[in-house]
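*Asks:* Build me a model from this:
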Amino acid sequence: MKTFSEKLIALRRQAGSSQKQLADRLGVTRQSVSKWESGSAMPELSKLIALSELFSVSIDYLVKDQLEEPEAPEASGVSTAKLEKQVEEITSYFRTWEWTSKTKLFGLPLVSICFSLYPHIPHHRKAARGIIAIGNIAAGVVALGLLSAGIFSVGVISAGIIAIGVLAFGMAALGPVAIGLLAFGPVALGLWYAGGAAALGGKIAVGVAAVGETAVGYDAAGKHVLLWGGGLTQQEVQSFLQQQHPRLWTPLLKFLSFLGANIH
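*Replies:* Purely as a prediction, here's the structure:
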């Protein structure tokens, strides 16, 4: 009769994985796998589910001290059938849920949704791809996700022509840390224009601490500098920026002027 620890060792070796590799796939430490294989500890239910999917065996096979896979539910009785049903219901919560619309534009689905509650397991790590993409990982014209890339992108880490996120990269980027041609946020790095608490801009920087060719702020450095000092009106900032950059796009001029008069 084989115990759980013996079966786990055999399955891992058959898969050609080390304890460290198995641990990484399950999102646990190597020491946890070592304890399971030594028989000094048992994995929690979510890890048992992950192991059963990873090695294509049933949870019944893993936890029972037996050599072979259990009989089919029809042959083993009502209790096993109920157990398999319960396991299937629990497992469904950890599987990837995805939906793709049949309507397509330019060869891409109009809407693609793909979520996984277990994204650290490789075969659960899928991306949503479509005109509108929503998921843990999303790529599309409009992308919403933890990791997102698109023309218009929103996510924890976001990249796009217009990007909004905790860490945002784009032609126009907005977020706590924003990097782009136009960047706005507490920490903003703009190749052309930047606005925020700490702003670094190639052409114009507006912020509490601002560095750029033209800089407006309480602590500013550049070729053309307007210090906030005791306070600036929006009109004063606008006149200063217009003088240095007469061809600046009017909506952008007004927005930067508003930031210059209000960020302090």
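*Asks:* what's the helix or strand harbouring Val225 packed up against?
*Replies:* Using DSSP states H and E, Val225 sits within strand 224-227. Using 3 or more Cβ pairs under 8 Å, 6 or more residues apart in numbering; DSSP states H and E, the elements in contact with strand 224-227 are strand 187-221, helix 234-244. (C-beta placed from N, C-alpha, C; glycine too.)
*Asks:* Contacts only, for the residue most central in space within the chain.
*Replies:* The residue lying closest to the centre of the chain (Cα atoms, centre = their mean) is Leu146, at 2.6 Å. Counting by Cβ atoms under 8 Å, 6 or more residues apart in numbering, Leu146 makes contact with 136-137, 155-157.
*Asks:* Need the buried ones from these selected in PyMOL.
*Replies:* The following PyMOL line selects those of these that are buried, judged by 16 or more other Cβ atoms under 10 Å:
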select buried, resi 136+137+155+157
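*Asks:* now the contacts of Leu146 as TSV including pLDDT, secondary structure and distance to Gly190?
*Replies:* Listed next are the contacts of Leu146 as TSV, based on pLDDT from 0 to 100; DSSP: H, G, I helix; E, B strand; the rest coil; distance: Cβ to Cβ, whole Å:
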residue	pLDDT	secondary structure	distance to Gly190
Asn136	82	strand	29
Ile137	85	strand	27
Gly155	89	strand	20
Val156	89	strand	21
Ile157	92	strand	18
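*Asks:* Just the CA trace of the strand holding Val225, in CSV.
*Replies:* Extracted in CSV, the C-alpha atoms of strand 224-227 (Å, rounded to 0.1, in the frame of the first residue of the first chain):
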residue,chain,number,x,y,z
HIS,A,224,13.0,78.4,-17.9
VAL,A,225,11.8,78.3,-14.3
LEU,A,226,8.7,79.6,-12.5
LEU,A,227,8.8,79.0,-8.8
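*Asks:* so where do the helices sit in the stretch 51-200 of the chain?
*Replies:* Assigned helices in the stretch 51-200 of the chain, in chain order: 59-63, 73-76, 78-92 (criterion: DSSP state H, counting those that start in this stretch).
*Asks:* among the ones you listed, which gets the worst mean confidence?
*Replies:* In terms of mean pLDDT, the lowest-scoring of the helices of the stretch 51-200 of the chain is helix 73-76 (a mean of 42).
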